[in-house]
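S.K.: Have a look at this prediction, sequence included:
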Amino acid sequence: MDSIEILNVVSRWVHIGTAIVVVGGTVFMRFVLLPAAEPLPQAEHDQLRARVMGRWKIFVMAGIALFLLSGFYNYVAVSIPKHHGDKAYHALMGTKILIAFGVFFLASVLVGRSARFEPLRRERKKWLLILLALAFTIVLISSFLKVTGV
């Protein structure tokens, strides 16, 4: 195995590993932590949310950076040469990338502190569900592209 093949494997592993951590964490947040924290008194709830978001924000921001770096490499160095001229492949990949930008935006807003996006954070359960639907759509498109090769 030459150094390019090793880099390709590492880049793919980083991309998929990041997805496992970030999407898995989001599932935990939406379906375990939020429902468990709801009955807490408001002051305790706010304190818990601040502590969790402070830590989760690091994972979200690092995850976005890793997605962008590994995704850009995987697309430019691996996918484009393999699918040169394949319009259907690139259309689906473009769709996946655009959806990913939406996921990055929502994830950033939900861990952020900007007053402008406070209305979204007040409806965190709804927006986490939307974020997860978008993330699973990305996984669906990715799986289709990997298996069929279009």
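M.R.: Thanks, I have it. Numbers count the residues shown, from 1 in each chain.

S.K.: Can you give me every residue that contacts Lys96?
M.R.: Going by C-beta atoms under 8 Å, 6 or more residues apart in numbering, Lys96 touches 138, 141-142, 145. (Each C-beta comes from the backbone N, C-alpha and C, glycine too.)

S.K.: how near is it to Leu129?
M.R.: 20 Å (C-beta to C-beta, to the nearest Å).

S.K.: And for Ile16?
M.R.: 23 Å.

S.K.: follow-up on the earlier one: save the contacts of Lys96 as TSV, and put in neighbour count and pLDDT too.
M.R.: Shown next, in TSV, are the contacts of Lys96 (neighbours: other C-beta atoms under 10 Å; pLDDT from 0 to 100):
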residue	neighbour count	pLDDT
Ile138	19	98
Ile141	17	97
Ser142	17	95
Leu145	17	94
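
S.K.: Relative to Gly54, which of the residues you listed is nearest.
M.R.: Ile138 (26.5 Å; C-beta to C-beta).

S.K.: List the buried residues for the host helix or strand of the closest one?
M.R.: Here Ile138 sits within helix 124-148, counting by DSSP states H and E. Of all the residues in helix 124-148, those buried under the rule 16 or more other C-beta atoms under 10 Å are 124, 127-128, 131-132, 134-135, 137-138, 141-142, 145.

S.K.: do stretch 75-82 as well
M.R.: 75, 79.

S.K.: what does stretch 39-49 give?
M.R.: Buried-residue list, stretch 39-49, by 16+ other C-beta under 10 Å: Arg49.
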